[in-house]
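Peer 1: Any chance you could fold what I've pasted below:
(2 chains)
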2 protein chains.
Amino acid sequence: MWRDTTLSQLLSIAYPIIQAPMAGGATGPELVGAVSQAGGLGSFGFGYSSSDQIARGIRDVRELTDKPFAVNLFAPQAAVTDDLQVQKAIGHLHSYHVQLNIDDPQIPQLHDLYQEQIDVVIGERVPVFTFTFGLLPERDMQRMHDEGIIVGGTATNVREALMLQEVGVDFIIAQGSEAGGHRGTFAADWKKSMIGTMALVPQITSRVRVPVVAAGGIMDGRGIAASLALGASGVQMGTAFLTCPESKAAPIYKEAILASTDESTVIMTAFSGKPARGIKNLFASELEPHADDLPPYPIQNELTKAMRREATKQSRSEFMSLWAGQASSLSAVKPAAQLVADLTQEVGNIIARLE
Amino acid sequence: MWRDTTLSQLLSIAYPIIQAPMAGGATGPELVGAVSQAGGLGSFGFGYSSSDQIARGIRDVRELTDKPFAVNLFAPQAAVTDDLQVQKAIGHLHSYHVQLNIDDPQIPQLHDLYQEQIDVVIGERVPVFTFTFGLLPERDMQRMHDEGIIVGGTATNVREALMLQEVGVDFIIAQGSEAGGHRGTFAADWKKSMIGTMALVPQITSRVRVPVVAAGGIMDGRGIAASLALGASGVQMGTAFLTCPESKAAPIYKEAILASTDESTVIMTAFSGKPARGIKNLFASELEPHADDLPPYPIQNELTKAMRREATKQSRSEFMSLWAGQASSLSAVKPAAQLVADLTQEVGNIIARLE
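Peer 2: As a prediction, this is how the structure comes out:
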């Protein structure tokens, strides 16, 4: 029985389908709750959120469902601001701010949200916690496990997967190069860790003991069945859920995904200072050649924040980060519960056809 | 029954497993014959071969098996030699020729082999013909079909797949970004067509009528079952067959594959002037930064030919093109017939486990 994997048992969910955390704000309680209520695992992308926002989201989703859900955060990041580099970046961004009729950004005051974020997540005893961009401090892993929280980490190569297993994660998300949004790579140059899902998943499952979740390019029952065949115990799908009515992605962002082709996405670092896959637009085309001069994450991310927010308000998709995976052309519009039901039906049909 | 796909019916083979053509010389009649005799489809990589070599290979494989086999050629390529650029490239290559104790290469005299190659392939009425790097002239497509030859073309995105269908191919090989060896991209900048197999295959199968063969990152029964789940009618596997005893790949090349990890390969253009995935070595590290200055294929390929041949003789893997896919770490050493038998057994077991 394909549904009854080590992952669905571990997470106490009906179907081993995780709706990917998307920290841009698309994954509010409506989407997370709908996916979890339908038997998958909804995930909040709370990497940019304050402890208050996180507490509110968790409270809201608990009103919608009593099924398990996940919270995702970024592993703690070191960042040093180089004022000269920041000034130069502000210069690169100036014309876009003029076009949007807003002021240039200031040099950002960084305060790492990680500690307050992790405290509220542990305090709330969320059912499942996932993280990306690195490893969790040992102390926090221990606190999670003491509270009975199931913990998953993100790997883009075998070395990262082994490091995650070593620090005690309960499962590993194997992020293939097709995946939309930020690359989770933390122990390699990201360019050297662009390993396709088809190649990555079997190499990781062959080397680790914990359940592996395939991510990257999975849009339908075909991708789920394929991932299970590769040895994964489940899948994580982001782009497929972005166009659900419950997703808070901006209408113009949803339209861009629905109009995309297999050649639409590129990896870009200009929006956030970290590499991420999204639909190529004017901002990416113009700024990407300067990528090496731009400040690292989270500084560049702060610098483009007002621009991205205002562009969303003004429906100017040329300045928005349109994160999407390489199979985004397979997107459709259907309620999350319907999507989960259709996916599970498709997987069953595909497996029956293969016999 | 998973074996009985539209592809196995079309090609009259027992298992929908194509051993990828590898034009470096690894795919001699021994390997091609062994794969075909075992129920897969062996393929010659004859892109660099003369009509005499092709005729001899076909004759030899027909002595080994009466089962179908394939010949692969490159679509005709336009090339203009820029003497100044070539002189500069010879300069870049000089130190390697010194280290190998051979003379610098000359400015190559190009003669396109395509016409003599295609004539012998059609004259020999090979059972299956595949091509890469573009489209076949309409006239040759017609001649193939008049002789009852089944024709397959290589695509790295949906547009290329539709173009191939339009010129009348009988099947399409969907080459994901994980694939070892040369990128087949012909209607896009290759960097914009690095689409992972998991994302590429369902997008192509959703758009074309002809059978699709998945290629890229497929090393075992897991990859085959996954490809079939994605809607492919079969797979093409190169790296998995390179380490067979029947493969004529140099021992040091086989050792490099067996010692590789998921992070070993990169795309490089410095060996041939065309992008290809292989295990990163000294030559690739040193020359790749100059890639944009180097002459295009086939000129650069001619310039490095003596170096690669001599490096192979001297077992100097730092100067050899070690083409391999992103899942090369899953390689094993077993006879081709055993590999085909094990693969088919694995696929059956995986599908049974998924039910």
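Peer 1: make it CA atoms for all contacts and neighbour counts henceforth
Peer 2: OK.
Peer 1: start to end distance for stretch A:296-313?
Peer 2: The first and final residues of stretch A:296-313 sit 26 Å from each other (C-alpha to C-alpha, to the nearest Å).
Peer 1: Check which residues of it are buried.
Peer 2: By neighbour count on 16 or more other C-alpha atoms under 10 Å in any protein chain shown, the buried set for stretch A:296-313 is A:296-308, A:310-312.
Peer 1: contacts for it?
Peer 2: A:79, A:81, A:86, A:89-90, A:93, A:96-97, A:100, A:102, A:105-108, A:110, A:250, A:270-274, A:294, A:317-321 (C-alpha atoms under 8 Å, 6 or more residues apart in numbering or on different chains).
Peer 1: same thing with stretch A:143-162?
Peer 2: Contacts of stretch A:143-162 from elsewhere in the structure, counted by C-alpha under 8 Å, 6+ apart, are A:10-11, A:122, A:125-135, A:141, A:164, A:169-177, A:183-187, A:193-195, A:200, A:203-204, A:207-208, B:262-263.
Peer 1: So which of those are in helices?
Peer 2: Helix and strand membership here follows DSSP state H; of the contacts of stretch A:143-162, those in helices are A:Leu10, A:Leu11, A:Ile122, A:Met141, A:Leu164, A:Leu200, A:Gln203, A:Ile204.
Peer 1: ranges for the strands of chain A?
Peer 2: Residue ranges of the strands in chain A, as given by DSSP state E, are A:17-19, A:43-45, A:70-74, A:128-132, A:150-155, A:171-175, A:181-182, A:212-215, A:234-237, A:265-268, A:276-279.
Peer 1: Of those strands, give the one that comes closest to A:Ile118.
Peer 2: Comparing the strands of chain A by their distance to A:Ile118 (C-alpha to C-alpha), the top pick is strand A:70-74, with 7.9 Å.
Peer 1: What residue spans form the domains of chain A?
Peer 2: Using automatic domain parsing, the domains assigned to chain A come out as A:6-77+A:112-249+A:330-354, A:80-110+A:265-323.
Peer 1: okay, the ones you listed in a markdown table with mean pLDDT and distance to B:Val340 next?
Peer 2: Formatted as a markdown table, these follow (pLDDT from 0 to 100; distance: least, C-alpha to C-alpha, whole Å):
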| stretch | mean pLDDT | distance to B:Val340 |
| --- | --- | --- |
| domain A:6-77+A:112-249+A:330-354 | 97 | 18 |
| domain A:80-110+A:265-323 | 94 | 36 |
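Peer 1: Deepest in the core, which of those domains is it.
Peer 2: Comparing these by mean neighbour count (mean count of other C-alpha atoms under 10 Å in any protein chain shown), domain A:6-77+A:112-249+A:330-354 comes out on top with a mean of 22.
Peer 1: Which pair of the ones in helices among the contacts of stretch A:143-162 spans the longest distance?
Peer 2: Using C-alpha to C-alpha, the pair of the ones in helices among the contacts of stretch A:143-162 lying farthest apart is A:Ile122 and A:Gln203, separated by 32.2 Å.
Peer 1: Where does chain A get nearest to chain B, residue-wise?
Peer 2: Relative to chain B, the nearest point of chain A is A:Ala226 (3.8 Å; C-alpha to the nearest C-alpha).
Peer 1: ok, that residue touching B:Ser227?
Peer 2: Yes. Using C-alpha atoms under 8 Å, A:Ala226 makes contact with B:Ser227 at a distance of 6.6 Å.
Peer 1: For A:Trp2, give its distance to A:Ala256.
Peer 2: Noted for A:Trp2: a distance of 33 Å to A:Ala256, by C-alpha to C-alpha.
Peer 1: For the strands of chain A, give me TSV that also has distance to A:Arg59.
Peer 2: Output for those, formatted as TSV (distance: least, C-alpha to C-alpha, whole Å):
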stretch	distance to A:Arg59
strand A:17-19	19
strand A:43-45	12
strand A:70-74	12
strand A:128-132	15
strand A:150-155	19
strand A:171-175	25
strand A:181-182	26
strand A:212-215	27
strand A:234-237	23
strand A:265-268	34
strand A:276-279	30
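Peer 1: ok, now which ones touch A:Tyr114?
Peer 2: A:Leu73, A:Phe74, A:Ala75, A:Pro76.
Peer 1: any idea how far the last one is from A:Tyr114?
Peer 2: Put plainly, it is A:Pro76. A:Pro76 sits at a distance of 6 Å from A:Tyr114 (criterion: C-alpha to C-alpha).
Peer 1: Repeat that for the first one.
Peer 2: Taking C-alpha to C-alpha as the measure, A:Leu73 falls 8 Å from A:Tyr114.
Peer 1: just the second one next, same as before
Peer 2: Computed with C-alpha to C-alpha, the distance linking A:Phe74 and A:Tyr114 is 7 Å.
Peer 1: repeat for the third one
Peer 2: Here the distance between A:Ala75 and A:Tyr114 works out to 7 Å (C-alpha to C-alpha).
Peer 1: circling back: turn the domains of chain A into CSV, including distance to B:Pro335.
Peer 2: Shown next, in CSV, are the domains of chain A (distance: least, C-alpha to C-alpha, whole Å):
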stretch, distance to B:Pro335
domain A:6-77+A:112-249+A:330-354, 22
domain A:80-110+A:265-323, 40
